[in-house]
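S.K.: got a structure for you, letters missing:
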């Protein structure tokens with residue numbers, strides 16, 4: 001269980017910067033300049049900052065499992081739609097939805113670890129959780145660059161969709 005919630009928690013940092021190497025490709029495909037595509041990273045981060053406030057309340061009220069499921073469904077739907085997005089405005093909206101879907105995965109994953117572990121073993125599990133998140137953030141651009149150069153930027157969304165179905 002700890003591994004699954006930690007992997008889900010790594011989706012957020014992975015998704016935030018996996019698109020960085022594909023900015024030029026996305027801008028060419030959608031016919032906008034690269035700085036506008038870069039704005040989608042900002043939108044992602046803003047929604048990531050706001051999302052936990054909303055989803056933590058939902059988690060406390062409805063439970064972690066339901067909240068986690070809702071978030072992952074939003075995330076999967078946004079990624080699938082991103083794979084087909086035909087326009088820049090749609091890209092902006094979908095990146096916001098993608099961020100909303102992954103926003104609570106970090107906080108809920110740590111909450112689940114607190115719920116299912118003893119205080120004695122919790123430290124090791126929290127370290128593993130943090131390590132998985134940092135791995136996603138560190139390797140995101142490398143993975144995104146490889147996917148973009150071989151199959152195009154839309155393959156990034158396909159990968160993120162597949163990873164979230166864990």
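M.R.: Arrived safely, thanks for sending. Everything numeric in this text was worked out from a predicted model, so none of it was measured. Residues are numbered from 1 along each chain as shown.

S.K.: Just to confirm, which residue in the chain is farthest away from the center?
M.R.: residue 120 (30.0 Å; C-alpha atoms, centre = their mean).

S.K.: Go through the helix or strand of the chain with the lowest mean pLDDT and flag the buried ones.
M.R.: Counting by mean pLDDT, DSSP states H and E, the chain has its least confident helix or strand at helix 105-116, which shows a mean of 81. Across helix 105-116, burial judged by 16 or more other C-beta atoms under 10 Å covers 105-113. Any C-beta I mention is one placed from the backbone N, CA and C, and that applies to glycine too.

S.K.: elements contacting that helix?
M.R.: helix 2-17, helix 34-62, helix 64-82, helix 119-151 (3 or more C-beta pairs under 8 Å, 6 or more residues apart in numbering; DSSP states H and E).

S.K.: Please convert those to JSON lines, extending it with distance to residue 158.
M.R.: Shown next, in JSON lines, are these (distance: least, C-beta to C-beta, whole Å):
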{"stretch": "helix 2-17", "distance to residue 158": "13"}
{"stretch": "helix 34-62", "distance to residue 158": "18"}
{"stretch": "helix 64-82", "distance to residue 158": "8"}
{"stretch": "helix 119-151", "distance to residue 158": "8"}
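
S.K.: which one of these is the most hemmed in?
M.R.: Highest mean neighbour count of the helices and strands packed on helix 105-116: helix 2-17, a mean of 22 (counted as mean count of other C-beta atoms under 10 Å).

S.K.: State the next helix or strand along the chain beyond that one.
M.R.: Sequence-wise, the next helix or strand downstream of helix 2-17 (DSSP states H and E) is helix 23-30.

S.K.: Check which helices and strands that next one sits against.
M.R.: So helix 23-30, by 3+ C-beta pairs under 8 Å, 6+ apart, packs with helix 34-62, helix 88-103.

S.K.: Report the rounded mean pLDDT for the first one.
M.R.: Here the mean pLDDT over helix 34-62 is 91, rounded to a whole number.

S.K.: orientation of that helix relative to helix 64-82 in degrees?
M.R.: Interaxial angle, helix 34-62 versus helix 64-82 (axes from the mean of the first three to the mean of the last three C-alpha atoms, to 10 degrees): 160 degrees.

S.K.: ok, now the last one?
M.R.: For helix 88-103 and helix 64-82, the angle between their directions (the same axes, to 10 degrees) works out to 160 degrees.
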